[in-house]
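*Asks:* Next one to model:
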Amino acid sequence: MSDAEAEPRRALVIMAHPDDIEFTCGGTVAQLSDDGWHVTFCLVTSGDKGTKDPALGPADLGALREAEQEAAASELGIHRCIFLRVPDGHVEDGSEFRGQIVQVLRDVRPELMITWDGYRGFNHRDHRTVGIAALDAVFPLSRNANSYAHQVAAGSQPVSVNTVLLAGSNEPNYFVDVSAQLDRRIDALLRHASQVQAANRDEMVERMRNRAAQAARAGRLPWTEGFRRLTFGNISQPRRAEALKAEAKARRKAENKEQAHSNG
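*Replies:* Take a look at the predicted model:
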């Protein structure tokens, strides 16, 4: 086997705040890790404003939330977190910021990127800004040698990321079955103790069961994470993290049939 063949596939998750990943795509990244992917987290801010404790200043809060993110990443099988440390609530979509993301893309060299859907309507300003800037960085900036040419001159080669999954989309077209990853996702969420309001693990489990039941009643897929999937150029489908909508529907149909049979 050649070195190229032995090298793991790489994915990069770019989000605005610690805990964004665990709430939107924790099961997906855990599955990618289990499948042998090398997954890197990039947090644009350290969440240094998100507290109701007036005695906890930005520096201390940011350090706390970075530590929580590192612990959550470990639960999901992720070994590297990058913190850009942009002030929480003050992410600006300018050339300098896009250049930071381009540099991360060229350093990590992923074939898959996951980020916020910046076009989904009203939500946190940082979420919108990060999603739009990350998408611009993927196409065309990071693949163009004349974009941020000083990075190329310093040894960072252009990179083409051909698959993007947008989290939090109002129009998901790609679904990942994360039913096998629920325990790990819950454990990762609970690591964000400064943010998660659940009193204990049992309460978090109950919340997730209720959300899954609501999704089923609304005709959506329970125990899945949904994304808007974009592709650029030649692509290679992620193993096991493929669109599982048909499979999930078939499972639900079989469960409904079994239930109807038992009721009859």
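*Asks:* all contacts plus neighbour counts: C-alpha atoms, from now on.
*Replies:* OK.
*Asks:* what's the single longest strand in the protein?
*Replies:* strand 224-231 (DSSP state E).
*Asks:* which strands and helices sit next to that strand?
*Replies:* helix 20-34, strand 163-167, strand 174-177 (3 or more CA pairs under 8 Å, 6 or more residues apart in numbering; DSSP states H and E).
*Asks:* rank those by pLDDT, which is bottom?
*Replies:* Out of the helices and strands packed on strand 224-231, strand 174-177 stands lowest, with a mean of 92 (criterion: mean pLDDT).
*Asks:* That strand - contacts with which helices or strands?
*Replies:* Looks like strand 174-177 contacts strand 224-231, helix 245-263 (3+ CA pairs under 8 Å, 6+ apart).
*Asks:* if we can go back for a sec, let me have the helices and strands packed on strand 224-231 in a markdown table, extended by mean neighbour count and distance to Gly121.
*Replies:* Compiled in a markdown table, those are given as follows (neighbours: other CA atoms under 10 Å; distance: least, CA to CA, whole Å):
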| stretch | mean neighbour count | distance to Gly121 |
| --- | --- | --- |
| helix 20-34 | 23 | 16 |
| strand 163-167 | 24 | 13 |
| strand 174-177 | 22 | 19 |
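*Asks:* Excluding covalently adjacent residues, which one is nearest to Val161?
*Replies:* Nearest non-adjacent residue to Val161, counting by CA to CA, 6 or more residues apart in numbering: Glu111, 4.9 Å away.
*Asks:* Tell me the spacing between that neighbour and Trp223.
*Replies:* 25 Å (CA to CA, to the nearest Å).
*Asks:* Same question for Arg185.
*Replies:* 11 Å.
*Asks:* What are the buried residues along the longest strand of the chain?
*Replies:* 224-229 (16 or more other CA atoms under 10 Å).
*Asks:* Likewise for stretch 150-163?
*Replies:* 151-152, 156-163.
*Asks:* any idea which of those residues is least confident?
*Replies:* Asn162 (91).
*Asks:* okay, now the closest residue to that residue other than its chain neighbours: neighbour count?
*Replies:* Among residues not flanking Asn162 along the chain, Phe232 sits closest, at 4.5 Å (CA to CA, 6+ apart). A count of nearby residues for Phe232, using other CA atoms under 10 Å, gives 13.
*Asks:* Contact partners for Phe232?
*Replies:* Phe232 makes contact with 161-163 under the criterion CA atoms under 8 Å, 6 or more residues apart in numbering.
*Asks:* and it, what are its phi and psi?
*Replies:* The phi/psi pair for Phe232 (degrees, to the nearest 10) reads phi -130, psi 120.
*Asks:* Kindly report the same for Glu171.
*Replies:* phi -130, psi 60.
*Asks:* Am I right that it is in contact with Arg228?
*Replies:* Yes: applying CA atoms under 8 Å, one finds Glu171 in contact with Arg228, separated by 6.4 Å.
*Asks:* what about the strands in this structure?
*Replies:* Under DSSP E, the chain gives strands at 10-15, 38-43, 80-83, 112-116, 163-167, 174-177, 224-231.
*Asks:* Please tell me how far the nearest residue to His192 once chain neighbours are set aside sits from Ala188.
*Replies:* Once flanking residues are discounted, His192 sits nearest to Glu68: 5.2 Å by CA to CA, 6+ apart. Glu68 sits 9 Å away from Ala188, going by CA to CA.
*Asks:* Looking at those two, which is more packed in?
*Replies:* Set side by side, Glu68 and Ala188 show more neighbours around Ala188, with 26 against 22, by other CA under 10 Å.
*Asks:* Surely that one is in contact with Glu70?
*Replies:* No: using CA under 8 Å, Ala188 makes no contact with Glu70, being 9.8 Å away.
*Asks:* Return the distance of Leu76 relative to Ile132.
*Replies:* Taken as CA to CA, the span from Leu76 to Ile132 is 26 Å.
*Asks:* between the two, who's got more neighbours?
*Replies:* Leu76 (25 against 18).
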